[in-house]
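Q: Please find the sequence and the predicted model below.
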Amino acid sequence: MAGQVGDHSTDVLIIGGGVVGVCAAYYLLKQGRDVTLIEKGDICSGASYGNAGLIAVSHVVPLAEPGVFAQGLRWLMRPDSPFYIRPRLDRDFARWLWLFRRAATHQRVRAAMPAIRDLQFASLDLFPGIIDETQAECHFEQRGLLMAFTQPKKLAAAVEEARVTAEVGIEYEELDDDAIHAREPSLSSNVIGGVYHPQDAHIEPAAFVRAVGRHIRENGARVHEGVEALGLERSGRNVGVVTTTRGGFQAREVVLAGGAWSPGIAGPLGLRLPIQAAKGYSVTVRRPETSPSIPLLLPETRVAVTPMGDTLRFAGTLELAGMDLSVNMRRVQAIVDGVPPYLTDDATADMKLVEIWRGLRPCSPDGLPFIGRASGYDNLTVAAGHSTIGLALGPITGKLVSQFVAHEAPEIDLTLCDVGRYG
Ligand SMILES: Cc1cc2nc3c(=O)[nH]c(=O)nc-3n(C[C@H](O)[C@H](O)[C@H](O)COP(=O)(O)OP(=O)(O)OC[C@H]3O[C@@H](n4cnc5c(N)ncnc54)[C@H](O)[C@@H]3O)c2cc1C
């Protein structure tokens, strides 16, 4: 019967097979640990699958920045808006919104920036080694990220933000009309300038995560797909049995890497993780011959455009609507419509649809992940809430998890990522 003690026993049990879960397994195996990973769907069936693929170290400003909440309220009634908050009566959601508003101050954002930067750069450094070892054919390239604008006011605001992030080491170049077209010839004449971040990289996310998934299997991890954690039981200061759809699992150490599902999984332990799902979409098309070769960010329409091998991906929208995974075609269309004004006719000609996808970003109120030991438990490590930058932070999160499990001091100061920071 499901839930019987000792059905399966293991050294380290990881719950969740997204980028965070597989990277945790990768580093734990390196430490010689015996690893079991359970995933309710297939490896990489959550947010890690169809995201924009940006390893954007320049993204050091968290989602909760001044003005974003008011913008969300202004867009509340627009069915095609890129940012949407669905009003609902839910205590956890109300608390999250309150915490999010509290985090959206200049002071808090400034404090978060160096912490996010340290995680971003440490993670970027780890990608090439993992890609080499797992032989991931994920089109990793470090060609930078180009933010393109058609409106002088929006461009000026982006330049101002780039000046602020430069204070913590984020490089940028301000590009005028000529310079931006020289840098990326597929941009249309509507574009008047932009900001280029040369340190950023990109990959095809699912190819990366699946390659790591294969590698951990080949290196001895037991990976159980189609196994859902149903309940975690407390046993003194430990997580005891993890009840699943395929029986009980007992582990010396448990790692929670369930993305947007993490609060539901941790709930029975009395652990209140303020993580809200923020739905986003991507549309992947066959790559036209003259399409952009550098990833683009179009802040005016809030769309990212990422070349991935022979495909091109458009991603966007942030919908705070709970765990709802339904597809709103008006928002999908708004993403598709948000691209052509920025590209030449050639660059958008004959784009054949490959896939429409949606996923749930696991958003914390302050944009920082929860990484570390859960207080009150001796054997539970949490790695969740990576918000809009989880792909980029996957490798370093996995490494930090392995350090916590080994009772080593984490190599990065994680004060701001403390699991218990909201009580
Ligand atoms: C449109 C969009 C664009 C994005 N673009 C970027 C980007 O360019 N760069 C970037 O860095 N980030 C980006 N992100 C964010 C990024 O995708 C996430 O932060 C990241 O994938 C989170 O990884 P994760 O492993 O924590 O969660 P997930 O990938 O969601 O993995 C969690 C896994 O846990 C499994 N699970 C859940 N409950 C259970 C259970 N009870 N039992 C067993 N398994 C369970 C799920 O099935 C899932 O596979 C984007 C997100 C979206 C939606």
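A: On my side now, so go ahead.

Q: Next, see if the biggest helix by length in the chain gets close to the ligand.
A: Secondary structure assigned by DSSP state H gives helix 106-134 as the longest helix of the chain. No: figure legend: helix 106-134 not in contact with the ligand (CB under 6 Å from any ligand atom); closest approach 9.0 Å. Quick note: C-beta positions are derived from backbone N, CA and C, even for glycine.

Q: Next, the contact list for Gly398, please.
A: Val20, Val22, Cys23, Ala24, Ala25, Tyr26, Tyr27, Ala383 (CB atoms under 8 Å, 6 or more residues apart in numbering).

Q: which stretch of helix or strand covers the second one?
A: Which is Val22. Using DSSP states H and E, Val22 falls within helix 19-30.

Q: residues from the stretch 1-150 of the chain in reach of the ligand?
A: So the stretch 1-150 of the chain meets the ligand at 15-21, 38-41, 45-48, 51-54 (CB under 6 Å from any ligand atom).

Q: related to what we said a few turns ago, what's the closest of the contacts of Gly398 to the ligand?
A: Each of those was checked against the ligand using CB to the nearest ligand atom; the closest is Val20, at 3.5 Å.

Q: what packs against the helix holding Val22?
A: Contacts defined by 3 or more CB pairs under 8 Å, 6 or more residues apart in numbering; DSSP states H and E place helix 19-30 against strand 8-15, strand 35-39, helix 106-134, helix 205-218, strand 247-256, strand 380-384, helix 390-405.

Q: re earlier: generate a ChimeraX selection restricted to the buried subset of the residues of the stretch 1-150 of the chain next to the ligand.
A: Of these, the buried ones can be selected in ChimeraX as follows, counting by 16 or more other CB atoms under 10 Å:
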select :15,16,17,18,19,20,21,38,39,40,45,46,47,48,51,52,53,54
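
Q: Low-confidence ranges, this protein, go.
A: Where the chain drops to pLDDT under 70, the residues are 1-6, 69, 72-73, 75-77.

Q: mind listing the helices for it?
A: 19-30, 68-74, 91-103, 106-134, 152-166, 177-183, 205-218, 262-266, 329-337, 345-348, 390-405.

Q: Quick check: which of those helices is nearest to Phe249?
A: helix 262-266 (12.9 Å; CB to CB).

Q: what distance separates the closest one from the middle of the whole chain?
A: Offset of helix 262-266 from its chain centre (CA atoms, centre = their mean, to the nearest Å): 17 Å.

Q: Same question for stretch 197-212.
A: 12 Å.

Q: residues of it that come out buried?
A: So stretch 197-212, judged by 16+ other CB under 10 Å, has buried residues 197, 199-212.

Q: Start and end of it, how far apart?
A: 28 Å (CA to CA, to the nearest Å).

Q: Spit out the contact partners of the closest residue to Arg302 other than its chain neighbours.
A: Leaving aside its chain neighbours, Arg302 sits nearest to Pro82 (3.7 Å; criterion: CB to CB, 6 or more residues apart in numbering). Residues counted as contacts of Pro82 (CB under 8 Å, 6+ apart) are Trp75, Thr301, Arg302, Val303, Gly316, Thr317, Leu318, Arg331, Ala334, Ile335, Gly338.

Q: if you set the cut-off to 6 Å instead, what comes out?
A: Applying CB atoms under 6 Å, 6 or more residues apart in numbering to Pro82 gives the contacts Arg302, Gly316, Thr317.

Q: thinking again about what came up before, show me which of the helices and strands packed on helix 19-30 has the highest average neighbour count.
A: strand 380-384 (a mean of 28; mean count of other CB atoms under 10 Å).

Q: Just give the strands next to that strand in its sheet, each with its orientation.
A: Strand pairing for strand 380-384, using DSSP bridges, gives strand 247-256 (parallel), strand 370-373 (antiparallel).

Q: closest one to Arg117 among those?
A: That would be strand 370-373 among these, by CB to CB, at 15.4 Å.

Q: about what we covered before: can you state the direction angle for the longest helix of the chain and helix 91-103?
A: What separates the directions of helix 106-134 and helix 91-103 is an angle of 110 degrees, with axes from the mean of the first three to the mean of the last three CA atoms, to 10 degrees.

Q: coming back round to it: so how far is the helix holding Val22 off the chain centroid?
A: On CA atoms, centre = their mean, the centre of helix 19-30 falls 16 Å from that of its chain.

Q: Use 808 as the first number from now on
A: Shifting the count to begin at 808 puts that one at helix 826-837.

Q: Tell me, how many residues neighbour Pro1102?
A: Residues near Pro1102, counting by other CB atoms under 10 Å, number 28.

Q: give me every residue that touches it.
A: Leu952, His1009, Thr1113.

Q: at 10 Å what do you get?
A: 859-863, 948, 950-954, 991, 1004, 1007-1009, 1111-1115, 1119-1120 (CB atoms under 10 Å, 6 or more residues apart in numbering).

Q: quick one on the thing from earlier: which neighbouring elements make contact with the longest helix of the chain?
A: helix 826-837, strand 861-862, helix 898-910, helix 959-973, strand 1008-1009, helix 1012-1025, helix 1197-1212 (3 or more CB pairs under 10 Å, 6 or more residues apart in numbering; DSSP states H and E).

Q: For Lys1159, which of those is the nearest?
A: helix 1012-1025 (19.1 Å).

Q: anything in the closest one near the ligand?
A: No: using CB under 6 Å from any ligand atom, helix 1012-1025 stays clear of the ligand, with a minimum separation of 7.0 Å.

Q: how big is the angle separating that helix from strand 842-846?
A: Going by the same axes, to 10 degrees, helix 1012-1025 makes 140 degrees with strand 842-846.

Q: any chance of the helices and strands packed on helix 826-837 in TSV, with distance to Val1048 too?
A: Compiled in TSV, the helices and strands packed on helix 826-837 are given as follows (distance: least, CB to CB, whole Å):
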stretch	distance to Val1048
strand 815-822	10
strand 842-846	13
helix 913-941	32
helix 1012-1025	24
strand 1054-1063	4
strand 1187-1191	13
helix 1197-1212	19
